[in-house]
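Peer 1: fold the following, please.
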Amino acid sequence: MTTLTEFLATADTDNTVALGQARAFSEQVLKPIDERMMNERTVMGLIGMQSGETFMQSLEAAPDSLLPARVKAWFKPSEAGIDVATPSAAGLIDTMAGAGAITEAEAELLKGYAYNTVAPFQRVTLHDVLITRGTCPTVSVTQSGGYVVITTTADTDRHNPRLLAVNPRTGALVRIESFRGVSSAGAYDARVPSEWRNAELFADDAYGVVGVG
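Peer 2: The predicted structure follows:
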């Protein structure tokens, strides 16, 4: 399955546009083997009784030199079926389409049975896009009593802004905690681990609405 990093590498450079592209993206993912086995009942369910019957009759009538008897048997209801994701199964279906037993559209439907269509980024936020691209804006924050409090001035997508600290040895920003469930305008807090209470601290500000509470 495509990762968000892989998707964004070829998405629009405008982060808002890329977010829309990500939410609209879908792809086919191979089903587990026990969910993609196809037999006669599966064929009938996918392309209908009439087309399915024509397919099965053509299958049975094919010479053994083209389709061995053991291959034909895989489609019988008493059998486990054939793994439709294999090249041999796809080739068999294409052969039946080429012989006119089924249409090209029906062949694609049968071969597509091996896959689920998923939309992996349907719920991503602008925060996710900016984090993945390494371009999320931050604001400087301070801790008091072991906590950092931020306020947001407008509603946003529900997200978890990171609480970041400057690593004194490397100078890099590292995530030490998150502000949970930020969406409605208001105050949110995050606990600062004791080892980071003297560090320089920052909070993500993906939507430009974060202030120090």
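Peer 1: quick one: contacts of stretch 154-165?
Peer 2: Identification of contacts with stretch 154-165 by Cβ atoms under 8 Å, 6 or more residues apart in numbering yields 125-128, 131, 136, 138, 141, 148, 150, 173-185, 188, 190, 192, 196, 199-207, 209-210. Quick note: C-beta positions are derived from backbone N, CA and C, even for glycine.
Peer 1: buried subset of those residues?
Peer 2: 125-128, 131, 136, 138, 141, 148, 150, 176-179, 182, 188, 190, 192, 196, 199, 201-207, 210 (16 or more other Cβ atoms under 10 Å).
Peer 1: out of those, which are inside strands?
Peer 2: Of the positions in the buried ones among the contacts of stretch 154-165, 138, 141, 148, 150, 176-178, 188, 190, 201-204, 210 sit in strands, assigned by DSSP state E.
Peer 1: farthest-apart pair in those residues, please.
Peer 2: 176 and 210 (16.6 Å; Cβ to Cβ).
Peer 1: in this protein, what residue spans correspond to helices?
Peer 2: If DSSP state H is used as the criterion, the helices of the chain fall at 4-10, 15-24, 40-47, 49-61, 69-73, 87-98, 104-112, 126-133.
Peer 1: re the thing from before, just the ones in strands among the buried ones among the contacts of stretch 154-165 now: which is nearest residue 47?
Peer 2: residue 178 (49.3 Å).
Peer 1: roughly how far apart are that closest one and residue 203?
Peer 2: Using Cβ to Cβ, to the nearest Å, residue 178 is found at 9 Å from residue 203.
Peer 1: which residues do the two both contact?
Peer 2: Common neighbours of residue 178 and residue 203 (Cβ under 8 Å, 6+ apart) are 161, 162, 163, 190.
Peer 1: mind listing what's buried along the helix or strand of the chain with the lowest mean pLDDT?
Peer 2: Using mean pLDDT, DSSP states H and E, helix 69-73 stands out as the lowest-scoring helix or strand of the chain, at a mean of 74. By neighbour count with 16+ other Cβ under 10 Å, helix 69-73 contains the buried residues 71, 72.
Peer 1: count the neighbours of residue 120 for me.
Peer 2: 16 (other Cβ atoms under 10 Å).
Peer 1: swap in residue 124?
Peer 2: For residue 124, the neighbour count with other Cβ under 10 Å is 20.
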